[in-house]
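> Sequence plus predicted model, see below.
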Amino acid sequence: GKTALAIKAAHAVAVEGGRSLVWSLEMPRRDLGRRLLCSEARVPIAAVLTGRLAADEEARLFDASQRLAELRSRLAFFDDEATFEDIEAGTLREHQREPVSLVVIDHLQHVSWSRHTRDERQHLGRVAKGAKKLAKKIDAPVILLSQLARKVEEREDKRPMLSDLFGSGEIEAAADVVLGIYRDEYYDPNTSARGEAELLVLKQRDGATGTIRARFEAAFTRFSDATDSAVAWSDDEGGL
């Protein structure tokens, strides 16, 4: 769900009038656009891929495509293979043309190796530190997505921890906020928590850590608030 959550954030920024750049190094931008379209229209991706669409689904897709078309200048996707230096240079060019409000890099482990790095750990560290410096240069958040280490699969409680970050030391040190995602239905199809997600604030340089509960509609890869009125929140002290 990490890509779905990041795209949701990028879309929300664009809707509010900001400008989002998404560097997708894992998935073609065509596929990302289809995901976003299905999420906004609440139409299953499988229905779009097979072409088996009901009349109301076709109507919702058309309406969603019209809304997304209005955001074309504020929500840009890039899917070329790139080093971090390429991403940084491209972002600064775009920022000079028109201020950027949010950058998403999906994901850390797919950023191509730079000539300046000798091993994987050094490479991950340079990218994490580079993302922090880039955020300062453009005065806007940079969301850097990351895989988890496989050891999380060996635990009974599979909720992510800071130590599960692939190359955790360098990433943890550079990040202002680390957010993990847990969905019980991913591991247990029979869970009573179907359609629920936990957004775990594992590090927060300027605030509290804790858990935000949200909805996740897997068929549409769509995150939304846990309730219509507010997002449920609990902190390390027992709740707010």
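Good, I have the coordinates. Numbers count the residues shown, from 1 in each chain.

> Wasn't residue 21 part of a helix?
No. Under DSSP: H, G, I helix; E, B strand; the rest coil, residue 21 sits outside any helix and is assigned strand.

> So it sits against residue 73, correct?
No. Using C-beta atoms under 8 Å, residue 21 is not in contact with residue 73; the gap is 11.9 Å. For the C-beta atoms, the positions are set from N, CA and C on the backbone; glycine is no exception.

> which one of those two has more residues nearby?
residue 21 (24 against 9; other C-beta atoms under 10 Å).

> what's that one in contact with, if anything?
Counting by C-beta atoms under 8 Å, 6 or more residues apart in numbering, residue 21 makes contact with 76, 78, 90, 91, 94, 100, 102, 103, 104.

> try residue 68
33, 36, 37, 40, 75.

> after the helix or strand it falls within comes which helix or strand?
Using DSSP states H and E, residue 68 sits in helix 55-69. Downstream of helix 55-69, the first helix or strand assigned by DSSP H and E is strand 75-78.

> what about that following strand, average pLDDT?
Strand 75-78 carries an average pLDDT of 96.

> Could you list the low-pLDDT ranges of this structure?
The model of the chain has pLDDT under 70 over residues 114-118, 167-168, 228-240.

> The contacts of residue 21 into CSV, with extra columns for distance to residue 60 and secondary structure?
Formatted as CSV, the contacts of residue 21 follow (distance: C-beta to C-beta, whole Å; DSSP: H, G, I helix; E, B strand; the rest coil):
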residue, distance to residue 60, secondary structure
76, 24, strand
78, 28, strand
90, 34, helix
91, 33, helix
94, 31, helix
100, 30, coil
102, 26, strand
103, 30, strand
104, 25, strand
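
> Considering those residues, which possesses the most neighbours?
Among these, residue 103 has the most neighbours (other C-beta under 10 Å), with 26 neighbours.

> Okay, buried residues for stretch 107-127 please.
For stretch 107-127, a neighbour-count test (16 or more other C-beta atoms under 10 Å) marks 107, 108, 110, 111, 117, 123, 124, 125, 126, 127 as buried.

> Out of the residues you listed, give me the two with the largest separation.
By the measure C-beta to C-beta, 107 and 117 form the most distant pair in the buried residues of stretch 107-127, at 17.0 Å.

> Mind jotting down where the strands sit in the chain?
Here the chain has its strands, by DSSP state E, at 20-24, 75-78, 102-106, 142-144, 177-182, 196-204, 210-217, 222-225, 232-235.

> Quick one: closest of those to residue 134.
Smallest distance to residue 134 across these (C-beta to C-beta): 5.5 Å, for strand 142-144.

> packing partners for the closest one?
For strand 142-144, the packing partners by 3 or more C-beta pairs under 8 Å, 6 or more residues apart in numbering; DSSP states H and E come out as strand 102-106, helix 120-138.

> so can I have CSV of those showing distance to residue 179?
Listed next are the helices and strands packed on strand 142-144 as CSV, based on distance: least, C-beta to C-beta, whole Å:
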stretch, distance to residue 179
strand 102-106, 13
helix 120-138, 14
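
> The residue of the chain most remote from its centre and residue 64, how far apart?
In the chain, residue 55 marks the outermost C-alpha relative to the chain mean, sitting 31.1 Å out by C-alpha atoms, centre = their mean. Residue 55 sits at a distance of 15 Å from residue 64 (criterion: C-beta to C-beta, to the nearest Å).
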